[in-house]
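# sequence first, then the predicted structure:
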Amino acid sequence: MAGWYDPGLLAATGIRSVISGLFGHFADKREAIAAANAIQPTPADAEFDYSGRNLGEDFWFDYLADSGDGWNSTYAMARLAAEDSLDGGRLPRGELLILGGDQVYPTASKEEYRDRFIAAFDEAYAPGGVPHWPNEPGKRPDLYAIPGNHDWYDGLNSFFGLFCRRRVARPGLDLGVSRDGKVIGGRQTQQTRSYFAIALPNDWWVWGTDSQLEGFIDQPQIDYFQHAATYWMKPNSKVILCVADPAWAYVDPKDPDKKFESFSYLERLAGLARAPRPEQRPDGWATDPAGRWPEPDTPMGHQLKLVLTGDSHHYCRWHEDELNYIVCGGGGAFLHPTHHLRTKTFNSRFPKPGVDGRAGDYPRKFEIAETAGKKALFPDSATSWRLSWGNLGFAAMNTSFVLLLFCVYGLFNWILDFNAGIALGETFATALRVGSLGDAAWLYWTVLVPTSPWSALLVIISLIAYTRFADSPYSKGLGLAMGVGHALLQAAAVTLSTVAVLRLTHGLIADPRLDSILSVALATAGAAIASAIAFGLYLLFCIGFLGRHPNEGFSSMRIENYKSFLRLRIDKNGALTVFPIGLRKVPRDNGETLKNPPLDEHMIEPPIGVA
């Protein structure tokens, strides 16, 4: 699993995030890729049409999000998705696999995709060289993917080369030639853009969207989905919307539009479609015997039936009235908690899907679904709370971060020793060994801050850093309190550990000079460990009692268990059922004594019927 508190990884990810954000604003590749791939007249021309598959039988497809972190977890989920069937043969493998974003961690690159994502899916497809299905055109399942924020960290370059390799040339309109998609894990990529509209049996559709890093939906993407809703989709079609993150769960109730407005537009987009005039209707539909075409310029009647997303690395089924919003980001990334999740109530500028109305002030309420009195969460709240206590071992689990702290406090101690020599005429190690522990702690700050502007500046920078780190986007007051409280905790931990170690290690070596150097080195190590422990305590308190820092608090532990994905079925009568599949424990494949260990999957909750 990616070591999120590794200093090098933190720096590289931060730089990638800033650069991709700038390029996302000033050089958005989605418009260029749209210009190179014209919208096809029908979904059949684009090979996105599965509406004629398995007529009179069930049609199955899978959804998996947030993969490509650790090998064990990603490989386990790739194996589950590759099995011929699950649950004793009751759940056959899907003909499509839809990836819901963040296919690789920590940042996107060809090498990371190859090592963390492709290799795991290729091995799962053909363990020991024996493939699960024929690797031949027309016999492979298909693969679609939408990008998440981590896929955008290289400006979507690698994502386009991997998932959007396919090209559909239109004679007379395109000078290029057609090109097949890439085969990944025995599945053929079919999309030509970072978003897609897929036709499924019984007038069901999957819309996969690309909201970039800031939730921005580009105009060519809007044009694409408007075209699909108007000219590809038959009237009264049903839509499954796939988005990159759960905007309803991340929303700031005091300022919901900042995070929620783009998603709100997407979830209403299909319902905004108006019927084309008869001469504009697709061939074969203009004289629809069922008479289902509405009058020109009247609503097409499309309905949003289900929303799927990842980004949060757990399973949670939200609902608003009868509409389910399922978060299923258990494809292989580190676990996110669930015990901090609460009902979200806020007002939005636009109404919910299926409700007409202009911009105004509309109430929205997203609740966590329950089945037989049990919340639809995986892991459940009690397990999530128990797992959060693993932050007590933060120092042991993030040794490279402790090493960084050792360097930081080595600088502090060097400045303190310099200040002590000027103010007291002796080393700070000697000075802090005199008097009581309380006197020594007071002397530590007396020497550290007032003596030199550089040491005072470092203290101020640290305070600002702790305040900026505080995860409180909805309340500046709470964020300030969290930052100051964290700074005070760190100050106490570092001061007391430094003084205590200096006093306990006096006289280890006969040579006073070497003894002082050794004591300072040990005190610096003690301060680094104490600071890391304090960091873990801060995360534990915030996630347990304030509901903040879920990402920072669980990325520190890199938990690879509690994974999940969805298997979906459209039956011959047109009813959609969602089967949420969980894996409590990810087995370790060491490639020698234990190869492809058994997977003990289970149903997270009973099948979810969608009318």
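That came in fine, so what should we check first? Residues are numbered from 1 along each chain as shown.
# grab the nearest non-local neighbour of residue 244.
In space, and not counting its chain neighbours, residue 244 is closest to residue 101: 4.3 Å by C-beta to C-beta, 6 or more residues apart in numbering. Glycine gets a C-beta too; all of them are placed from N, C-alpha and C.
# now that neighbour, what's its secondary structure?
coil (DSSP: H, G, I helix; E, B strand; the rest coil).
# touching, it and residue 147? I think so.
Yes. If you go by C-beta atoms under 8 Å, residue 101 and residue 147 touch, sitting 6.1 Å apart.
# now the residue lying closest to residue 28 once chain neighbours are set aside: how far from residue 417?
Using C-beta to C-beta, 6+ apart and skipping the chain neighbours, the partner closest in space to residue 28 is residue 218 (6.1 Å). From residue 218 over to residue 417 the distance is 57 Å, taken as C-beta to C-beta, to the nearest Å.
# and residue 559, by the same measure?
On the measure of C-beta to C-beta, residue 559 and residue 417 end up 41 Å apart.
# same question, residue 338
Residue 338 is 48 Å from residue 417, by C-beta to C-beta.
# swap in residue 70?
Taken as C-beta to C-beta, the span from residue 70 to residue 417 is 42 Å.
# before we move on, back to that, which one of residue 559 and residue 417 has more residues nearby?
Using other C-beta atoms under 10 Å, the more surrounded residue of residue 559 and residue 417 is residue 559, with 21 against 18.
# excluding its backbone neighbours, what's nearest that one?
Residue 559 sits nearest to residue 335 (C-beta to C-beta, 6+ apart), 4.0 Å away.
# that's a strand at that neighbour, yeah?
No. Checked against three-state DSSP, residue 335 lies outside a strand; its state is coil.
# what number of residues lie near it?
24.
# equivalent analysis for residue 138, please.
Count around residue 138 with other C-beta under 10 Å applied: 6.
# rewinding a little: next up, the contacts around the residue nearest to residue 28.
Residue 218 is in contact with 28, 30, 31, 34, 212, counting by C-beta atoms under 8 Å, 6 or more residues apart in numbering.
# farthest pair in those residues?
Put simply, by C-beta to C-beta the two of the contacts of residue 218 set farthest apart are 34 and 212, 13.3 Å from each other.
# distance of the residue nearest to residue 55 when sequence neighbours are not counted relative to residue 57?
Leaving aside its sequence neighbours, residue 55 sits nearest to residue 201 (C-beta to C-beta, 6+ apart; 7.1 Å). Note on residue 201: its distance to residue 57, by C-beta to C-beta, is 9 Å.
# show me which of the two is the more surrounded one.
The neighbour count for residue 201 versus residue 57, taken as other C-beta under 10 Å, is higher for residue 201 (19 against 11).
# show the pLDDT at that one.
For residue 201, the pLDDT comes out at 93.
# before we move on, what about residue 17?
Value for residue 17, per-residue pLDDT: 69.
# what does residue 501 give?
Reading off the model, residue 501 has pLDDT 90.
# likewise for the one 5 residues further on?
Taken from the predicted model, the pLDDT recorded for residue 506 is 76.
# and the residue lying closest to it once chain neighbours are set aside, helix, strand or coil?
Excluding the flanking residues, the one nearest residue 506 by C-beta to C-beta, 6+ apart is residue 433, at 5.6 Å. Using three-state DSSP, the structure places residue 433 in coil.
# neighbours of residue 433, just the number please.
Burial measure for residue 433: 17 neighbouring residues, criterion other C-beta under 10 Å.
# any low-confidence regions in the stretch 201-350 of the chain?
Filtered on pLDDT under 70, the stretch 201-350 of the chain yields the residue ranges 281-292.
# at 90 instead, please
Low-confidence segments of the stretch 201-350 of the chain, defined by pLDDT under 90: 211-220, 230-235, 251-262, 265, 271-300, 349-350.
# and the strands in it?
For the stretch 201-350 of the chain, the strands defined by DSSP state E, counting those that start in this stretch cover 204-208, 238-243, 303-309, 315-320, 323-328, 344-348.
# who are the packing partners of the third one?
So that's strand 303-309. If you count contacts as 3 or more C-beta pairs under 8 Å, 6 or more residues apart in numbering; DSSP states H and E, strand 303-309 packs onto strand 238-243, helix 257-269, strand 323-328, strand 576-583.
# just the CA trace of that strand, in CSV.
Extracted C-alpha coordinates of strand 303-309, given in CSV (Å, rounded to 0.1, in the frame of the first residue of the first chain):
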residue,chain,number,x,y,z
GLN,A,303,-35.5,9.0,-15.4
LEU,A,304,-32.4,8.8,-13.1
LYS,A,305,-32.7,5.5,-11.3
LEU,A,306,-29.3,4.9,-9.6
VAL,A,307,-26.1,6.8,-8.8
LEU,A,308,-22.8,5.0,-8.3
THR,A,309,-19.5,6.5,-7.1
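# list the buried ones in that strand?
Burial within strand 303-309, assessed by neighbour count using 16 or more other C-beta atoms under 10 Å, is assigned to 304, 305, 306, 307, 308, 309.
# contact partners for residue 325?
246, 248, 307, 309, 317, 318, 319, 366.
# before we move on, what about residue 180?
With C-beta under 8 Å, 6+ apart, residue 180 has these contacts: 137, 165, 166, 188.
# which one of the residues you listed sits closest to residue 411?
residue 165 (48.9 Å).
# mind checking the SS state of that closest one?
Using three-state DSSP, the structure places residue 165 in coil.
# I'd say it and residue 189 touch.
Yes. In this structure residue 165 lies within contact range of residue 189 using C-beta under 8 Å: 6.4 Å.
# what do those two both touch?
With C-beta under 8 Å, 6+ apart as the test, residue 165 and residue 189 both reach 181, 182.
# and the two? Which one has more around it.
Per other C-beta under 10 Å, whichever of residue 165 and residue 189 has more neighbours is residue 189, with 19 against 15.
# and that one, what is it in contact with?
Neighbour list for residue 189: 142, 143, 144, 145, 162, 163, 164, 165, 166, 181, 182, 183 [criterion: C-beta under 8 Å, 6+ apart].
# got the CA positions of stretch 101-108 in CSV?
Extracted C-alpha coordinates of stretch 101-108, given in CSV (Å, rounded to 0.1, in the frame of the first residue of the first chain):
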residue,chain,number,x,y,z
GLY,A,101,-12.4,6.4,-10.8
ASP,A,102,-9.0,6.5,-9.2
GLN,A,103,-7.6,3.4,-10.9
VAL,A,104,-4.1,4.0,-9.5
TYR,A,105,-2.5,5.5,-6.4
PRO,A,106,-0.7,7.7,-5.4
THR,A,107,-0.3,9.6,-8.7
ALA,A,108,-1.0,8.6,-12.3
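# tell me which residues are up against it.
So stretch 101-108 is contacted by 2, 4, 9, 12-13, 16, 65-69, 112-113, 116-117, 145-154, 156-159, 244-245, 309-311, 329, 333 (C-beta under 8 Å, 6+ apart).
# okay, and the common contacts of residue 101 and residue 147?
Counting by C-beta under 8 Å, 6+ apart, the common neighbours of residue 101 and residue 147 are residue 244.
# residue 342 touches residue 381, doesn't it?
No. Contact between residue 342 and residue 381 fails when scored by C-beta under 8 Å: they sit 10.7 Å apart.
# which of these two has more residues huddled nearby?
A side-by-side neighbour count of residue 342 and residue 381, using other C-beta under 10 Å, places residue 381 first with 15 against 11.
# what sits against the nearest residue to the more buried one once chain neighbours are set aside?
Of all residues not flanking residue 381 in the chain, residue 339 sits nearest, at 4.1 Å (C-beta to C-beta, 6+ apart). Contacts for residue 339 (C-beta under 8 Å, 6+ apart) come out as 381, 382, 384, 385, 388, 544.
# from the chain's centroid, how far away is the helix or strand harbouring the third one?
Here residue 384 sits within helix 381-388, counting by DSSP states H and E. Taking the mean of its C-alpha atoms, helix 381-388 sits 20 Å from the chain's own mean (C-alpha atoms, centre = their mean, to the nearest Å).
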